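K.L.:
I need the structure of the sequence given here:
(one chain, ligands or ions: 2)
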Amino acid sequence: MPMGQITVTEHLLYHQTRSHEATGRFTHLLSDLILGAKIVAREVNKAGLVDILGFTCSNESKDEMLKKLDVFANDVFVHRLERSGVICAVASEEMPDMVVVTDEFQRGDYVVMIDPLDGFSNIDANVSIGSIFSIYRRKSASHKDAELGDALQKGVDQVAAGYVIYGSSTMLVYTTGQGVHGFTMDPSVGEFLLSHPDIRIPQKGKIYSVNEGNWNYWDAPTRQVVEYFKSMDNHLGKPFSSRYIGSLVADFHRNLLFGGIFMYPMDYKNPKKPKGKLRLLYEAHPLAMVVEQAGGLATDGRKRILDLQAEDLHQRVPLFIGSEYDVRKVSELYRQFD
Ligand code: AHM
Ligand code: MG
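P.N.:
Ligands and ions are numbered 1, 2, ... in the order given. I've put the predicted structure just below:
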């Protein structure tokens, strides 16, 4: 079949029937996530019409309406997943606690982590935003309610991860541990069609992406890392190009296709509590699985992201993610300070 005619469901079924764990449940779970993404995509696309059409039903301000989109995306995913019959819990960046499926007839063995609308503050400027997801298998016994420990796992335990980018077109990129595959939404048929099979990130990049406005909040090793990519003496022999959208999925996706490194280092905005910004479970773990499956790397500067054990649902980590060579260089530079 020509590549552009393979739907994401066909692709999933093809790979699942070749795996030893082909139960159909996993495909069902992904299909529910995809349906959620299609509903969110529809609303995100409409958000751009706000200025032209105004709001139909109330006198809410634009800010209030956009804020609702955030909540709406969360509700869509959580609602669909809870009723999918294949998960035992879902945790979201938007909710303080995880939702546990208590009905034993609705309960399955998967646990889903989701960032329903990442980079959402950019939506006003028509900048691409995204949803990020990560799937684990529960560790506790199947006949009981899920426990917090089922959500707090290591990145290497993920069975699948991916994201949807709501951009000039809507794209789904996912991995089940057998490479990374990208699908573009064809609005005329309402399906994600295979457009980027087996994505490989270039081994070395030419782009660095970081919020350099944080320079004054960084420590000496981090400044040296960023200096490295701007200097003439790096492995390119010339400064990298700087590209920073401030929307993680969009920055990550560009670097995945073209090569490069995205960084959100630890900073001292709160001098007593230095920390990274991005969340381990909803952002770092899933994108680390995607990047490694595409041949790249992800580190917190000292440890591989996928080896990090989650200790808290909303734990934040420093993140350096992208082309293998560029990320290795970061770890090397940090080691010099240890
Ligand atoms: P959010 O989860 O509140 O949307 O924040 C995450 C976003 C990422 O999409 C992006 O990489 C980062 O925050 C940008 O942060 P900053 O504005 O500090 O550069
Ligand atoms: Mg986020």
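
K.L.:
residues in contact with the nearest residue to residue 274 once chain neighbours are set aside?
P.N.:
Leaving out its chain neighbours, the residue that sits closest to residue 274 by Cβ to Cβ, 6 or more residues apart in numbering is residue 268, at 4.8 Å. In this view, the C-beta of every residue, glycine as well, is placed from N, C-alpha and C. Applying Cβ atoms under 8 Å, 6 or more residues apart in numbering to residue 268 gives the contacts 217-219, 274.

K.L.:
does the residue lying closest to residue 104 once chain neighbours are set aside count as helix, strand or coil?
P.N.:
Excluding the flanking residues, the one nearest residue 104 by Cβ to Cβ, 6+ apart is residue 143, at 7.2 Å. Following DSSP: H, G, I helix; E, B strand; the rest coil, residue 143 is assigned to coil.

K.L.:
Let me know how buried residue 143 is, in neighbour terms.
P.N.:
7 (other Cβ atoms under 10 Å).

K.L.:
What of residue 244?
P.N.:
By other Cβ under 10 Å, 16 other residues sit near residue 244.

K.L.:
Residue 185 is in contact with residue 166, isn't it?
P.N.:
No: counting by Cβ atoms under 8 Å, residue 185 stays clear of residue 166, with 9.4 Å between them.

K.L.:
thinking again about what came up before, apply the buried test to the contacts of residue 268 and list what passes.
P.N.:
Buried subset of these (neighbour count, 16 or more other Cβ atoms under 10 Å): 217-218.

K.L.:
ok, the contacts of residue 268 vs residue 29, which is closest?
P.N.:
residue 274 (37.2 Å; Cβ to Cβ).

K.L.:
mind checking how far that closest one is from residue 45?
P.N.:
Distance, residue 274 to residue 45, by Cβ to Cβ, to the nearest Å: 39 Å.

K.L.:
and if you look at residue 142?
P.N.:
From residue 142 across to residue 45, the span is 39 Å (Cβ to Cβ).

K.L.:
Strands of the stretch 151-300 of the chain, residue ranges please.
P.N.:
For the stretch 151-300 of the chain, strands defined by DSSP state E, counting those that start in this stretch occupy the ranges 160-166, 170-175, 180-186, 191-196, 207-209, 241-242, 261-264, 278-279, 297-299.

K.L.:
So which residues on the stretch 1-150 of the chain come close to ligand 1?
P.N.:
Within the stretch 1-150 of the chain, the positions lying close to ligand 1 (Cβ under 6 Å from any ligand atom) are 93, 118-120.

K.L.:
Could you tell me which of those count as buried?
P.N.:
Buried subset of those (neighbour count, 16+ other Cβ under 10 Å): 93, 118-120.

K.L.:
Could you list which of these belong to strands?
P.N.:
residue 118 (DSSP state E).

K.L.:
Report the two of the buried ones among the residues of the stretch 1-150 of the chain next to ligand 1 separated the most.
P.N.:
Spanning the widest gap among those are 93 and 119, at 11.5 Å by Cβ to Cβ.

K.L.:
So residue 111 belongs to a strand, correct?
P.N.:
Yes: the assignment for residue 111 by three-state DSSP puts it in a strand.

K.L.:
Please report how far it lies from residue 300.
P.N.:
Using Cβ to Cβ, we find residue 111 at a distance of 23 Å from residue 300.

K.L.:
More neighbours: which of those two?
P.N.:
residue 111 (29 against 23).

K.L.:
residues contacting that one?
P.N.:
Residues near residue 111 by Cβ under 8 Å, 6+ apart: 87-91, 135-138, 146, 150-151.

K.L.:
Was I right to think residue 210 contacts residue 264?
P.N.:
Yes: shown here, residue 210 and residue 264 form a contact pair, counting by Cβ under 8 Å, at 7.2 Å.

K.L.:
and residue 33, what does it touch?
P.N.:
Each residue near residue 33 by Cβ under 8 Å, 6+ apart is listed here: 77, 80-81, 112, 133.
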